[in-house]
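Participant: A predicted structure for the sequence below; I have some questions about it.
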Amino acid sequence: MGPRERNGGGTVSAASLRTRPCHVACVMDGNGRWAQRRSLPRTSGHRAAETTVIDVIEAARTAGVKWLSLYAFSTENWQRPTTEVDFLMHLVRRVVRKHAPLLHARGIRCRFLGVTDPRIPAALARDFADLTTLTDANRGMTLTVAFDHGGRQDIVEAARSLIRSGVPADAVDERHFASHLPFPDTPDVDLVIRTSGEQRISNFMLWQVAYAEWMFPPVLWPDFRAPHFLECLRTYQQRDRRFGGVPPHVNGDPRP
């Protein structure tokens with residue numbers, strides 16, 4: 001068992017705690033195509049995604065996943081039409097305010113990865129900060145919402161932080177570098193689920209997904225539900241995660 005596997009656990013049954021993913025991340029893809037297939041505006045797909053978000057959060061918490069990260073808005077998404085971006089900002093604010101009491105009651109700690117662009121409405125940034133403060137002491141599960149997030153940007157900012165801190169070049173290793181990333185207590189991602197069948201990383205948590213297992217269910221995000229999520233967990237359990245090593249008894253070699 002690799003060191004990352006020892007950090008966490010998760011599937012859907014207590015008997016298989018050994019293979020439970022500690023950290024699951026979701027790229028919530030397919031809202032626009034969901035709406036297009038129904039001859040609806042793209043905003044309808046974003047609105048329909050709310051139900052999926054809550055369903056997946058509850059499914060992850062019930063299954064014993066300790067860390068759940070959701071990719072909600074990337075640094076590249078600012079290139080979308082202004083009307084769609086404005087709609088998303090208002091929608092996210094409504095969702096945060098609506099579900100904050102439930103998230104807190106469930107013991108979920110909420111954090112927001114990114115949120116640095118001045119184009120984010122001040123009211124929305126305050127709601128993010130308020131939810132973070134409200135749930136800071138919760139330890140049931142950590143929910144990280146990546147909003148205005150870019151993996152490359154995080155790495156660049158970590159490098160700048162290292163330089164500012166005066167760490168000698170020869171002293172920089174992976175541990176030092178990771179400690180300068182946002183939320184350095186976040187464990188590596190064990191499983192990434194990208195809905196809609198698209199198979200891209202899309203600049204998502206690039207450092208943390210280095211050893212992740214990836215799954216690409218064809219279902220569009222607004223149609224993704226708890227059974228789909230749990231099926232991904234079951235598939236993860238069947239993966240042989242060796243982190244560059246080899247399984248025992250390869251080519252007749254004895255188990256060490």
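Facilitator: Received, thanks.

Participant: got a list of what the residue nearest in space to the middle of the chain touches?
Facilitator: With distances taken as CA atoms, centre = their mean, the residue of the chain nearest its centroid is Ser69 (2.2 Å). By CB atoms under 8 Å, 6 or more residues apart in numbering, the contact set of Ser69 is His23, Val24, Ala25, Cys26, Leu113, Leu143, Thr144, Val145, Ala146, Thr186, Val189, Met205. For the C-beta atoms, the positions are set from N, CA and C on the backbone; glycine is no exception.

Participant: for Arg61, same thing?
Facilitator: Neighbouring residues of Arg61 by CB under 8 Å, 6+ apart: Leu68, Arg106, Ile108, Gly140, Met141.

Participant: okay, now the second one: neighbour count?
Facilitator: Counted with other CB atoms under 10 Å, the burial measure for Arg106 works out to 17 neighbours.

Participant: And it, how close does it get to Arg33?
Facilitator: 31 Å (CB to CB, to the nearest Å).

Participant: now the fourth one
Facilitator: Gly140 is 33 Å from Arg33, where distance means CB to CB.

Participant: so what secondary structure elements neighbour the one helix or strand Val145 maps to?
Facilitator: Using DSSP states H and E, Val145 maps to strand 141-149. With contacts taken as 3 or more CB pairs under 8 Å, 6 or more residues apart in numbering; DSSP states H and E, strand 141-149 sits against helix 42-63, strand 67-74, strand 108-114.

Participant: mind running it again at 10 Å?
Facilitator: Applying 3 or more CB pairs under 10 Å, 6 or more residues apart in numbering; DSSP states H and E, we find strand 141-149 packed against strand 23-27, helix 42-63, strand 67-74, helix 82-105, strand 108-114, helix 122-135.
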